[in-house]
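Trainee: how does the following fold in three dimensions:
(chains A and B)
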Amino acid sequence: MSLLTRTDVTAVRFFSNYILAGIGSSLEVYHRDNGKFIRKINVLKGQKIYGIKSTNSGSKFIIFGGKQFSIVELNFNYGEETVLERQVLCPVVCDDWLHSGIFISENKVALLTAHNVVQIWNTENETLNEKYISKDNSILYSGMLLPLKDDLLVFSGTVFSEVIIHRCGDDLPLHHLKGHKGVIFSINYNSEKKIIVTTSDDRSVRIWKVDNIENFDVDSKDYWINAKITCVNNLYGHMARVMRSHITNDLIISIGEDSGICFWNHQGKLLRKVMSHQNACIWSLDADDRYLVTGGGDCGVILHPLSLVSEYGHKEIVPIEIVTPKKVKFTARRNILIMNESNQLIYYDLISKTSHINDLNHTSTYKLLSLSSCKQIIAVADMNGKLDIFIENCKGDAGIIKIIDTKLNLGKILSLQWAGNRHLVVCSENGQITVLASKEMGIEVIDKFSLPPCKEMWLTASALSLDGKILVVGDRVGHIHIYFHGIKNPVRTFSKVYDRYGATSIIIKRNEFITTGRDGKIKYFSLSNDVHSIKYMSCKDLEFQWLEKFLDKQEHYICGFHERVFVVYDVKNNLKVLDVACGGGHRSWDAVRYIEKVDDNFDEFIEVLYLKNYTLYAEKFQLSKIMSKNVINGIHSKEINCLKTYKYDENNASTYFLSGGEDTTLRIASSNLTSQIKDHVVFKQLSSIRTVKIQPVDKNKILLLSAGGRAQICAKIITFNQDNNEIHPEELIDYLIKGRDKERKGDKNWRDCSIDFDPETRIMDLEILKENNIFTIITACSDATLRIFNLDIDNKKLNPIKEIRYHKTCILKTHIFEFAKNTLLVTCTTRGDVAFWDVGKPEKNLSEPIFSTHTNKSGINSIDVSIIDNTRFLLATAGDDNTIHLNLIQIQKDINSMRVTKSWSSDKYHCSQITGLKLIGDLMVSTGIDQRVTVFTLSVKNEVKCNFFSQHYSDVSDIHGLDVIDISDESVTITVFGKGIEVIRIPKPIK
Amino acid sequence: MGKTSKDKRDIYYRLAKEEGWRARSAFKLLQINEEYNIFDGVLRAVDLCAAPGSWSQVLTKKLRKNTDNADEVKIVAVDLQAMASLPGVKQIQGDITKVSTANEIIKEFEGLKADLVVCDGAPDVTGLHDIDEYIQSQLLLAALNITTHVLKTGGVFVAKIFRGKDVTLLYSQLKLFFEFVTVSKPRSSRNSSIEAFVICQNYNPPPDYVPTMVNPLLDHKYCDFNQFTGTNRFIVPFNACGDLSAYDSDTSYPLLLEGQDSYEYKEPVQGPIDPPYKEILDKTKAIQINKV
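Mentor: From the prediction side, this is the model:
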């Protein structure tokens, strides 16, 4: 029984307040407004759902995909938010792939197959009534049926890049729409707008206008017979294939392989392009006049409000004549502060539209402006040390008054930042850092620190802990320094946390501090009064490079720049919130997030202020009107290559999934195993991740290793917090066997580098060996080499110890197990060779395996071992030859004298590569690319007996393996992973 | 990424360039032959979905060894797309689902039928496995259909197959027409790849079978002897092919291979002609459409 499925979302549809999503062979129902999961209905058998169409009256749906269709009646109880289904017609298997299915009456459906055949089925008695075969019968990539009042019109998207329109049953086509340069992926028609929209492999969207001089009804055959169809627009907005489109009253929306959603108007103007679904292909969409829903290759479903900039946002030009404005800022009352080059600080009241000018009597043109975190206190300093502090009044007429006017004797002032609301951090010449606080009408020096020498010695960001005892600063070369109260020099320095320009912001939370920079990375550090506990923990990669700061106290929204666009990004849900084409980050700008009451409801707003072409713009966005929401959280955007499940406590309701994939991400997600799975943390590696392994180090602490392409090995300590279900990762190692590009090439550019003759190695699999707190990591590589490392957790070092070249070809899988008081490693290759290594003994003696054998005809993609007794174990291997081999291996005298005593094998249970194999007591479970999960009963006495018990189908394609989640007396719960994840509960044989 | 990195990543890509093959797939056909001797005595061969032409290259090289008179060797390459010409190969730019194409092949063989039909065609994959598998199966069935028009009884058919979730339906279909059906994966095909090749030997259609192009061949449905899930699934024997000492396509090799003392980068033998994305490439050269 399938408990939870996440895979490509190939169909989505709105139905009143609900979203129907086709996920594999099941239909999942979600509430549109609150995103609540309502129900999962298994509709098809062994086929993905590609289309959902309802009758005109509504409640009956034809659901089709692959070669099947089914009719389901859904009855929604709106009050209780439940839905009851009745399967009117169990899946009917047609003899060909279906591209379109529609109701032509209450109990008749028409279907279009991939060979351009229209089938008319009676759903009452489940019979095929009529069949119309078109002469143009080479394969279709898409098709659409359009019922007319007196006919049925067929639109066929052929592999020859044209759309053929014909009347069902008619030999001669009415129209050929030619122009695309690749196969047609989708066809849509809107009878009110009289347009056809096609999308294609050639990256284009075409709009075809249907004209008719005479006055026929649009839904009559005469209209189409006499129609003139011309391509009015050939639109390029996608960078890759365009999968589907949808026509609404105002828009044409197209989705593509480039993860982009393009919004076009009916005249073909690209109004907006949004990137969504984590760079995965977007497969499906539906829209009405208010919402758009998309389903993607990241297994997610996202709801987008359908409002364009003009509606959702309010953009205004601030009508203020300022000569040479230099800096602009929002104040606490969301009025505007402008510092200009004429030595003035101007306060502009956005409501009364009046401005007040405060003359600054500064002597230097190098002036610094900083606002406290509450934005109420304003500090202006010039290079010569003149410091003015203003405060914005919180009641009455808006305005600012100067409260402090003083001169600092600190030499040339180079940087100035508020640390919270009470302290100013000033950096002056020679790296002198001074922390100031106000005292009556003046200021006092709280602390003085010294910045280690570097180029451009000043600060880019700083933060002070709440008790004022710890100061964290970032300098211009990207170092982060930590100072303790009273100690002049940094107690701790993290070198080169960011490259050029340094950190853009630093915030201190209770036990941690968080930094942002211009390389797209948010970095997390632990913070403590104990220097030794201050550690770099982890980092989060965002989709855009230039990160500036968080806009809220919960670190939910981060803002920055993506090329010439200002971006606000929701870090918790991995969604872009908004973008503003402001022209880029090299300008004065500010942004605030706040909550305001709109018609009795509180809503979140973001307001952005920026200077562009000497004009000051203020743009305001109401988030609920513009923000996309996850209905189903996305997971990996490409195949999952490796996955381990973990539960730190049997009583905990959550199961953790630690997975790595082709999308180069390593993710830790938690799941309740029924309706949800959600990523907690996502790490990026340089290339695809092929293996993850875990080793418990404490009760709720694990060592996590991941490795893969570019011969990269990463190690982390993951702590699971039982109280709040949070996950605290600490990155230990990020190691490249061949060294970083910089280490390899030095300062030479690529032209000057000689060719590197060594192979590009991928790490295919690895094992962790733990002995008395010493961790040994054994990696199996694609250059047929085993590499052994020592992992020093305390010093965060991975030290290579030994390389063993024994195998002749790529090693695919490894497995480690304890047997007869020995620790044995098994390695398997692309040639079906298996070797056993005694890894318990010192590595230096390790050069040859203690035993080797040949099992499979081709590559071994899955392996497991089960210990039978003190002298025997069972080796199970399976792979590309779709054969499972069981070999009973016995030791004679000692571990060095192994031999195979009994064998069993079969190629009858999978028809393609077997990628998952587990021995679970007296059961064996196997799975593979053929999407079948096979269960066998196993007995090993004098013979190896293995009998088929059951087989189950999984909706996940490209299965790369399986892991066991739970074993009970009655059942085994497993997960298979590949292009998605499925959790399956399999009943055990009854004893 | 340097230009040598592709050479490093894929040994057969590199060898293909060094040995003058238009694509690395040439090695797949060579390795299939090592195991099954499919070229034995073959004089007339058809290469379906031939572009870019590496299999035709292999055919010309191998079939000429079967006779002293090179004129006896007839190779017909069929593809929808244009393909750069190859000496000794008759090209037909046509649709394999059309009778006219079958007739053209027979005409080229002067009324005789082919000894061998090969098909290495594959669609541009969409990323959805089931669609890709379906399209590939239709391509294979179209190839099989035209093969039934042009192949002599006892002849051999070799085609690319995707071993996906419904491949057993194709196996049972092929078994109707051929006495021996095996599936094989050449060592030059990657372990991670879903592709394999069916080697169908001894063409022997059902007695009442009449080749027709009017209806496309459709694949089978699941039934009692070929269940959707269970013990009765129609699975054909698997063989790995290619010499054990052959290079392994998953293994990373150094640029200096064993026994070599120098390495020289070589350009690909034949680049793509007229891909569907050509127009947008031309357009994006002029304007940057990602800047919207």
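Trainee: ok, which stretches of chain A are helices?
Mentor: A:221-225, A:309-312, A:623-626, A:741-745 (DSSP state H).
Trainee: quick check: buried residues in the lengthiest strand in chain A?
Mentor: Ranked by residue count and defined by DSSP state E, the top strand of chain A is strand A:971-987. Of all the residues in strand A:971-987, those buried under the rule 16 or more other CB atoms under 10 Å in any protein chain shown are A:972-986. Glycine gets a C-beta too; all of them are placed from N, C-alpha and C.
Trainee: among those residues, which pair sits farthest apart?
Mentor: Taking CB to CB as the measure, the buried residues of strand A:971-987 span a maximum distance of 23.0 Å, between A:Val972 and A:Lys979.
Trainee: between the helices of chain A, which gets the lowest average pLDDT?
Mentor: Lowest mean pLDDT within the helices of chain A: helix A:309-312, a mean of 51.
Trainee: contacts for stretch A:984-991?
Mentor: Contact with stretch A:984-991 is made by A:1-3, A:923, A:925, A:933, A:935, A:937, A:949-950, A:952, A:954, A:969-976, as judged by CB atoms under 8 Å, 6 or more residues apart in numbering or on different chains.
Trainee: show me what contacts the closest residue to A:Leu416 other than its chain neighbours?
Mentor: Take A:Leu416 and drop its neighbours on the chain: the residue closest to it by CB to CB, 6 or more residues apart in numbering or on different chains is A:Leu368, 4.1 Å away. Residues in contact with A:Leu368 (CB under 8 Å, 6+ apart) are A:Ala379, A:Val380, A:Ala381, A:Asp382, A:Ile413, A:Ser415, A:Leu416.
Trainee: going by distance to chain B, which of the residues you listed wins?
Mentor: A:Ser415 (33.7 Å; CB to the nearest CB).
Trainee: and residue 13, what pLDDT?
Mentor: No chain in the question, so chain A it is. pLDDT, A:Arg13: 96.
Trainee: my bad, chain B
Mentor: 90.
Trainee: tell me the phi and psi of B:Ala77?
Mentor: phi -110, psi 130 (degrees, to the nearest 10).
Trainee: any idea how many residues pack against A:Asp599?
Mentor: Other residues near A:Asp599 come to 5 when the count uses other CB atoms under 10 Å in any protein chain shown.
Trainee: next secondary structure after the longest helix along chain B?
Mentor: Across chain B, the longest stretch assigned as helix under DSSP H is helix B:129-150. Following helix B:129-150 in sequence order, the next helix or strand is strand B:151-162 (DSSP states H and E).
Trainee: who does that following strand touch, helix- and strand-wise?
Mentor: helix B:26-36, strand B:114-119, helix B:129-150, helix B:167-177, strand B:195-203 (3 or more CB pairs under 8 Å, 6 or more residues apart in numbering or on different chains; DSSP states H and E).
Trainee: list the buried ones in that strand?
Mentor: Quick answer for strand B:151-162 (16+ other CB under 10 Å): B:Leu151, B:Gly155, B:Val156, B:Phe157, B:Val158, B:Ala159, B:Lys160, B:Ile161, B:Phe162.
Trainee: swap in stretch A:658-667?
Mentor: Those would be A:Leu658, A:Ser659, A:Gly660, A:Gly661, A:Glu662, A:Asp663, A:Thr664, A:Thr665, A:Leu666, A:Arg667, for stretch A:658-667 by 16+ other CB under 10 Å.
Trainee: surely the fourth one touches A:Glu639?
Mentor: Yes - here A:Gly661 reaches A:Glu639: they are 5.7 Å apart, a contact under CB atoms under 8 Å.
Trainee: how's chain A carved up into domains?
Mentor: A:116-275, A:324-407, A:411-541, A:556-627, A:819-991 (automatic domain parsing).
Trainee: quote the end-to-end distance of the last one.
Mentor: With CA to CA, to the nearest Å applied, domain A:819-991 spans 29 Å between its terminal residues.
Trainee: where does chain B have low pLDDT?
Mentor: B:1-2, B:276, B:284-292 (pLDDT under 70).
Trainee: what parts of the stretch 51-200 of chain B come near chain A?
Mentor: Residues of the stretch 51-200 of chain B lying close to chain A by CB under 8 Å from any CB of the partner chain are B:95, B:97, B:124, B:126-130, B:134-135, B:138, B:142, B:163-165, B:167-168, B:171, B:185, B:191, B:194.
Trainee: give me the number of residues near the closest residue to chain A within the stretch 1-150 of chain B?
Mentor: Closest approach of the stretch 1-150 of chain B to chain A (CB to the nearest CB) occurs at B:His129, with a separation of 3.7 Å. By the measure other CB under 10 Å, the count of residues near B:His129 is 25.
Trainee: which one is it nearest to, not counting chain neighbours?
Mentor: Counting by CB to CB, 6+ apart, the residue nearest B:His129 is A:Ser957, at 3.7 Å.
Trainee: mind listing what that neighbour touches?
Mentor: Counting by CB under 8 Å, 6+ apart, A:Ser957 has contacts A:Thr7, A:Asp8, A:Gln931, A:Gly978, A:Lys979, A:Gly980, B:Leu128, B:His129, B:Asp130, B:Gly164, B:Lys165.
Trainee: where does chain A have low pLDDT?
Mentor: Looking at chain A by pLDDT under 70, you get A:308-313, A:322, A:741-757.
Trainee: may I ask which two of the contacts of A:Leu368 are separated the most?
Mentor: A:Val380 and A:Ser415 (13.3 Å).
Trainee: didn't the residue of the stretch 1-150 of chain B closest to chain A look like it was pressed against B:Gly164?
Mentor: Yes - counting by CB under 8 Å, B:His129 does reach B:Gly164; the two are 5.8 Å apart.
Trainee: identify the contacts common to these two.
Mentor: A:Ser957, B:Ile194.
Trainee: any chance of the domains of chain A in JSON lines, with distance to B:Lys28 too?
Mentor: Formatted as JSON lines, the domains of chain A follow (distance: least, CB to CB, whole Å):
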{"stretch": "domain A:116-275", "distance to B:Lys28": "24"}
{"stretch": "domain A:324-407", "distance to B:Lys28": "64"}
{"stretch": "domain A:411-541", "distance to B:Lys28": "38"}
{"stretch": "domain A:556-627", "distance to B:Lys28": "41"}
{"stretch": "domain A:819-991", "distance to B:Lys28": "14"}
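Trainee: for those domains, which one sits closest to B:Lys175?
Mentor: domain A:819-991 (13.3 Å).
Trainee: just the closest of the contacts of A:Ser957 to B:Lys90, please.
Mentor: B:Gly164 (33.6 Å).
Trainee: and the closest residue to the closest one other than its chain neighbours, how many neighbours?
Mentor: In space, and not counting its chain neighbours, B:Gly164 is closest to B:Glu133: 3.6 Å by CB to CB, 6+ apart. Burial measure for B:Glu133: 24 neighbouring residues, criterion other CB under 10 Å.
Trainee: I'd say B:Glu133 and B:Phe162 touch.
Mentor: Yes - here B:Glu133 reaches B:Phe162: they are 4.8 Å apart, a contact under CB under 8 Å.
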